[in-house]
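Q: Please work out how this folds:
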Amino acid sequence: MAKRGLQVGVVVVVLGLLGGLLAAGISSALGIRVESKDVPVEELHAAPPREAVPPPRIVRVDAPDSSRMAAALDELTDATSGETKGRTTLVVRHRDGDRDDDSYRLSGTRARLRITAASETGAVRGVYDLAQKAWAQRDLAEGVGTTTTSRLPFRMVDLGAAGVDADPDQWRGGTDYSHYSRAFEDVLLPEAPYVDQDALAAARESVLAYAHHMLAQGYNAVAVPGFLDYVTFADIPEIYADDPDYVARAKAVRNAFGPIWAELDDLGLDVYLRTDMLILSGPLERYLTDRFDLDTTDPALWKVYETALDEIYTELPQLSGVVLRIGEGGSIYNSPGIDYYSEISVTTAPAVRAMLGALTDEAERADKDVVFRTWSVGVGAVGDMHTNPESYDEVLAGIDSPRLVVSTKYSLGDYYSWLPLNDTLEQGDQRRIVELQSRREFESFGAVPNDLGVLHQLALQRFIAANPHVEGIWTWTQDGGPWRAGPMSLLLTSGFWQLYDLNTDVAARLARDPDTDPAEVTADWVRRWLSTDPETVAKVTQAMSYSREAVTHGQYVPQFAEVRAFALGLEPPPQMLLFEWDILTGDSAVLDVLYAIARDHGGSPTLDGVTAAIDDGQHAIDLAQTMRGLVAQSDPDTYRDPALRTALLDSLDYQVDLYALLGAYREMTLRHAQWLDSGGDRKAWEGARRGFDAAAARHQARYGDDVLLPAYNLTAARIGEARAVRDLPMAWLARGGLLVLLLGLGLTRAGRSLARTAVTPWRDPGAVRPWLVVGLPVAAVVWSRLVLTWFLAPSHLLAVGLGWGVLAVVVGVATLRTRSWHVATGVGGAVVLRSILLLAVLAFRGPGGYWFAFWTEPGVRSAYVVVAFVLAGWVLAALVWSLAAHAGRRRATAVVVGTVGAVLLALGGLLAAVGLEDALTVWNDQLALLPWGMARILGITTFLGIPTALPWWILVAGGALALLVLGLGLRRPSAEIPSGEGAQVFP
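A: Modelled structure (predicted):
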C-alpha cells in the first residue's frame, strides 16, 4: 500500500511539474506585458486670418529655355491664371552649378521680380516657389532680398497613383488586401509584344502629370516599382538560356519605360527602382538554388544581382539608384500573371551585410545610390532593426559606403498614431532619410481629415538636431497597405485626394524648412484648393486643427494606445480595436487584453479606465460633428469648386458615421469584457449591443456600396458578437451539465465506481452497468467541448475528437481483449474528472470567461493549466494502471505510448491533408481567439512565425512513438482473465 501511495505521489508530482513547465511555457509564449512610452504631443492650431493677395499678371518672362524651366513656368502660369491684381515681370538667371543645389535668391520688387541661382535646379525651384505663393494668394514679393536654401536636399516620393486604373469593380467588396498597386497593368502584356503601345501612351501622360505635381511641391526624387523586369542577364546567359521570353520581355519593358524615366530625370526627378530582396523569377531561383543553395550569406549569390544592376545602369543610365526592402514580401506584393516574385530570404545580419557589401561596391563603381529600408517585421537583429538601436548597429555598423542611404520610418513601428518617434534615426554613420506617409493606411486611407503637419515637424526637427547624417525624406503620397480594401481615392485621379495631398505638401515644405508653421501651410492648402475667402479659410482651418484629436480618439482607444503592449513575441500596434485597416476585430485575445489594459492603466481619480475609454469614443464623435458644423457654416459661393466643398462635407459625414460605429463597438466589447471580468448586471452590455447593431445597420446601409467612402468590414466583429451573445446561455448549460455529472457520480452505483476507480485505477471496480460506464464519460466529453465552443466550432471538435476517438478505440479493444470493464471504468472515470474541471470553469461566465482568464489572468491561467494537465495525464495513468492489472506493466506502457503516437499521427495527418494555414484559419474563424484578419492579410503562420512543416513534425513524433512501442514489445499476456472474473456486469 505504501508503495502504491509512493507511485501515485510520484505520478502526481511529475505531472504537476510538467504542467507547471507547460504553464510557464504558455506564459512565456504569450509574453503579455505593458510598458510606458513617450508619445509626441501634437498641438494643432489654426493659422491667424489674413487677407488674400491676388497675384499680379505676369506680362513678361525672361528665363533660360529648358524642359525643367518650361515645366516650372507652366505651373506659374496656371497659378496666376485666375484673379490677378497688378502686373509684374520675371527674370530668371542661373549659372552651371551643382544639380543638387536648389538654393536661389529672390530680388527686385513686386513689379519686377528676379531669381538668380548657382544652378538650374535653384532657378527652377525659385519659379515653383513663386507658383506656390500665387496659389496660396501670398505676396509674390514676400522674401525679396533673401536667399532660400533647402535644409534637406533629398526629397523623394513614391509613384503615387500614376498608371493605376480607377476601375470601381476592382474596389467593390473591399476584401482585396493585396499590396500590389496594379500600376501599368494594362500596359504589360503576358505575351509578345509584351507592351501595349496605346496603354503606354496613356500611362506616360499619367506619370508626367504626377511628376509635375510633385516637382511643384518641392520633391526631387521618385521611387518606381521594378527591377528584375528590366534585366536580361546578358552576362549570365545560362539563367534564361531555356527561357528566351524573359529576355524579350525585359528588352520590351526597358524600351517602353526607359524613355519615361529619362523624361522624369530631365525634369529634375531622380528615378530609383524599388524592389524587395530577394526578387526572383522561376529560372533565376533555379539558378541560384543550383549554384548557391539560395544562401543569402554567400557573396557569390550577390554577384548575380551586381551583374543585374550593372546591366540596368548600362542600359538605363538615367536611373539614380535602387531602393531595397527585405522585411516584407510574398504573394500580397507579387504581380499576378507575371513570373517575378519576392521572398523574405535576407533574414540575418550576415546576409544583410553580404548584400549591402556587394551592392554598394557596385553602386560606387556606377556612381549610383543604394537606398536600404530598415523596415522589417520579425524576430532577431534583422527583424527588429527598425526599432531596436542595438539591432540596427549589429546589422549596419561599419558599413560606411558613401553610396548607401538608410531609409527609416519616423515612428517606432508602422504608420500608426500613439507611437514614439523612432530613435534609431538618431544613430549610425550612414546617410539617412526619414519615411513619412500622407495617406495614412491605418487611419481610413486619407478618407477623413487628418492634418499630420505638426507630427511630421516634431519628428523632423528632432532627427535633424540629433543626427547630422539626416539628409532627406521619403513621402509615401499614395502607397502603403492594400490598394483596394479601402476607398478608391487615387492621387490626381479619383476621390477627394486633395485631403491627404495636404500632408505631402506639408512634408516637402518642412523638409526644406523644418521651422515652417504647419498651420500656415494648411491655410495655404485651403486657399489653393477650396477658397480664398477669409471666413471660409478660417472655418476650414479651424476644423482641420481638430482633425488629429478626432482621429487619435476615434480610431484608437487611448487608454490602450498610450502604453506599449507586448504579446506573442510581438509588439501589437496601438490600434487593436481595428486589426489592420478596416476590420473591426472580434477576437478574444485582442479585446480582452485591450480591456484589461484600459481597466488597469487608463483610469483617473474620478473615472475608471473603461468608462474613460467609452467616453473618449463619444469625444471623437463630438469633434467630428464640430468639424462638420464649421464647414457647413461656410458660404458655398466662396469655394473655387463647389464639388470640393461637397467632398469635404461628405468626408466629415463619413467620419461622424464611422466614429459612431467604432464608438458603439468599443462600448459593446468593453462592457462585455467587463461582465466577463466581474460579472454583475449584463444589461449594460445588452444596451451597448443594441447600439452597435443600430450603428452597424446605418453604416452598412449608407456606405455598403460606396467605393469612395466604403463601409468597414464587420465580419470579425459579428463573429465575436455572436459568441458573446451565447456566453451566458453556455454558462447555464455548463452548470446543468456539471450538475448532471455530479449527480450521476454520486447517486448511481456505476457513477460511484467510475469515481472510485478513477482515483484508484489499479483496483477492480466490481460489477458495473456498461451503458453508464460508457455513457457518462462520452456525455461529459461531448457536452463540455460543445459548451466550450459555443456549439459553433466543429473544427475544434474534430481535432479534439480525434484524440478522444483514438483513446476510445484503445479502451474498447482493451475491454474486448481483457473481457473486463476495469479499463473502461478507470479511464472513463478519469475522463469524467477532467471534464468536470472544464465545466466548472465554464460555469462561471461561459467560454468567454474561460478565454478572458486565459488571456488576462496569468495566475488563474497557470493554476488551471497545471490542474488540467495533471487530470489529462491522469487519464493516461489510469489507462496504464487499469490495463496493467490484466496485461502487465510493459504491455500497458506500450499501449499508452502507442495511444499518444496514434493521436499525433491522426492529428498530423489531418493538418497535412487540410494544410496548416487552412486548418488554423477555419479553427480560428470558429473560435474567434486571434484576429480574423491574420489569415486574410499574411496568414496566421506568417504572422506568428509558425513553421509550415509543423504537421510533418507531428507525424514524425507520432511515428517515433510507434517505433518506441515496437521496442517495448506487444507480446500477448501470459494469461487472460477468464470470462466471469474481474469486473462484473449488472444483469
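Q: residue ranges for the helices of the stretch 101-250 of the chain, please.
A: 120-135, 168-171, 197-217, 244-267 (DSSP state H, counting those that start in this stretch).
Q: Select, out of those, the one closest to residue 572.
A: Closest of the helices of the stretch 101-250 of the chain to residue 572 is helix 168-171, at 28.2 Å (criterion: CB to CB). From N, CA and C alone the C-beta is placed, and that goes for glycine too.
Q: For that closest one, buried residues please.
A: Neighbour counts over helix 168-171 (16 or more other CB atoms under 10 Å) mark 170-171 as buried.
Q: One more: stretch 542-554?
A: 542-548, 550-554.
Q: With secondary structure, pLDDT and distance to residue 929 as extra columns, can I get those residues in CSV?
A: Formatted as CSV, the buried residues of stretch 542-554 follow (DSSP: H, G, I helix; E, B strand; the rest coil; pLDDT from 0 to 100; distance: CB to CB, whole Å):
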residue, secondary structure, pLDDT, distance to residue 929
542, helix, 98, 45
543, helix, 98, 41
544, helix, 98, 40
545, helix, 98, 41
546, coil, 98, 38
547, helix, 98, 35
548, helix, 98, 34
550, helix, 98, 32
551, helix, 97, 29
552, helix, 97, 28
553, helix, 97, 28
554, helix, 96, 27
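Q: any chance of those in CSV, with distance to residue 840 too?
A: Shown next, in CSV, are the buried residues of stretch 542-554 (distance: CB to CB, whole Å):
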residue, distance to residue 840
542, 59
543, 56
544, 56
545, 56
546, 51
547, 51
548, 49
550, 46
551, 45
552, 43
553, 41
554, 41
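Q: possible to save the helices of the stretch 101-250 of the chain as JSON lines with mean pLDDT and distance to residue 928?
A: As requested, the helices of the stretch 101-250 of the chain are exported to JSON lines (pLDDT from 0 to 100; distance: least, CB to CB, whole Å):
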{"stretch": "helix 120-135", "mean pLDDT": "97", "distance to residue 928": "51"}
{"stretch": "helix 168-171", "mean pLDDT": "92", "distance to residue 928": "27"}
{"stretch": "helix 197-217", "mean pLDDT": "97", "distance to residue 928": "43"}
{"stretch": "helix 244-267", "mean pLDDT": "96", "distance to residue 928": "45"}
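Q: Any chance of JSON lines for those, columns distance to residue 927?
A: Listed next are the helices of the stretch 101-250 of the chain as JSON lines, based on distance: least, CB to CB, whole Å:
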{"stretch": "helix 120-135", "distance to residue 927": "55"}
{"stretch": "helix 168-171", "distance to residue 927": "31"}
{"stretch": "helix 197-217", "distance to residue 927": "46"}
{"stretch": "helix 244-267", "distance to residue 927": "46"}
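Q: out of the ones you listed, deepest packed?
A: helix 120-135 (a mean of 24; mean count of other CB atoms under 10 Å).
Q: relative to helix 244-267, how tilted is that helix?
A: Computed by axes from the mean of the first three to the mean of the last three CA atoms, to 10 degrees, the angle separating helix 120-135 from helix 244-267 equals 70 degrees.
Q: what helices or strands is helix 120-135 leaning on?
A: helix 67-79, strand 87-94, strand 104-108, strand 112-117, strand 146-148, helix 197-217, helix 518-529 (3 or more CB pairs under 8 Å, 6 or more residues apart in numbering; DSSP states H and E).
Q: all strands of the stretch 351-500 of the chain, in order?
A: In the stretch 351-500 of the chain, the segments counted as strands under DSSP state E, counting those that start in this stretch are 369-373, 404-409, 431-437, 470-476.
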